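Colleague: What follows is a predicted protein model with its sequence.
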Amino acid sequence: MGAVSKEIMEKAVQKWGKSAQILTLLEEMSELQKELIKNINRNQNNLDAVIDETADVEIMLAQMKHIYQIEQAVQERIPIKLQKVMKRLED
Ligand SMILES: [Mg+2]
């Protein structure tokens, strides 16, 4: 995460508070879910909305990691998780 993004995230937490930011992540995840359901279940051509909601989720996910100070821990967990997926692929 760049210095500018970090500054924006800190300002957002100061302005709206940690709980509101976490709830906004949940809201954005549900918006992405809704667009994915429309795309798959109703065969809708809504790729722009999927892109939009994916961007929202990524921003709020970064915000949540910043709030809990878990960026590094998550980063370290990812290769372990990918290793497990790789193992399942090989089984
Ligand atoms: Mg959204």
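Modeller: Sure thing, it's come through.
Colleague: what about residue 70, neighbour count?
Modeller: Using other Cβ atoms under 10 Å as the criterion, residue 70 is surrounded by 13 other residues. For every residue, glycine as well, the C-beta is placed using N, CA and C.
Colleague: Return the distance of it relative to the ion.
Modeller: From residue 70 over to the ion the distance is 23 Å, taken as Cβ to the ion, to the nearest Å.
Colleague: Quick check on that residue: phi, psi?
Modeller: Here is the backbone geometry of residue 70 (degrees, to the nearest 10): phi -120, psi 10.
Colleague: so who does it touch?
Modeller: Taking Cβ atoms under 8 Å, 6 or more residues apart in numbering as the definition of contact, residue 70 has no neighbours.
Colleague: Likewise for residue 38?
Modeller: In this structure, residue 38 makes contact with 44, 46, 49, judged by Cβ under 8 Å, 6+ apart.
Colleague: What's the mean pLDDT across stretch 3-19?
Modeller: Mean pLDDT, stretch 3-19: 91.
Colleague: Give the buried residues for that stretch.
Modeller: Within stretch 3-19, the residues that qualify as buried by neighbour count (16 or more other Cβ atoms under 10 Å) are 9, 12.
Colleague: what's the closest of the contacts of residue 38 to residue 77?
Modeller: Of all the contacts of residue 38, residue 77 sits closest to residue 49, with 29.8 Å by Cβ to Cβ.
Colleague: what about the closest one, which helix or strand?
Modeller: Taking DSSP states H and E as the definition, one finds residue 49 inside helix 47-68.
Colleague: counting contacts, what elements does that helix pack onto?
Modeller: Of the remaining helices and strands, those touching helix 47-68 by 3 or more Cβ pairs under 8 Å, 6 or more residues apart in numbering; DSSP states H and E are helix 3-16, helix 18-41.
Colleague: how does it look with 6 Å?
Modeller: Judged by 3 or more Cβ pairs under 6 Å, 6 or more residues apart in numbering; DSSP states H and E, helix 47-68 is in contact with helix 18-41.
Colleague: Can you get me a residue count around the closest residue to the ion within the chain?
Modeller: With Cβ to the ion as the measure, the residue in the chain that lies nearest the ion is residue 56; the distance is 3.8 Å. Residue 56 has 17 neighbours, counted by other Cβ under 10 Å.
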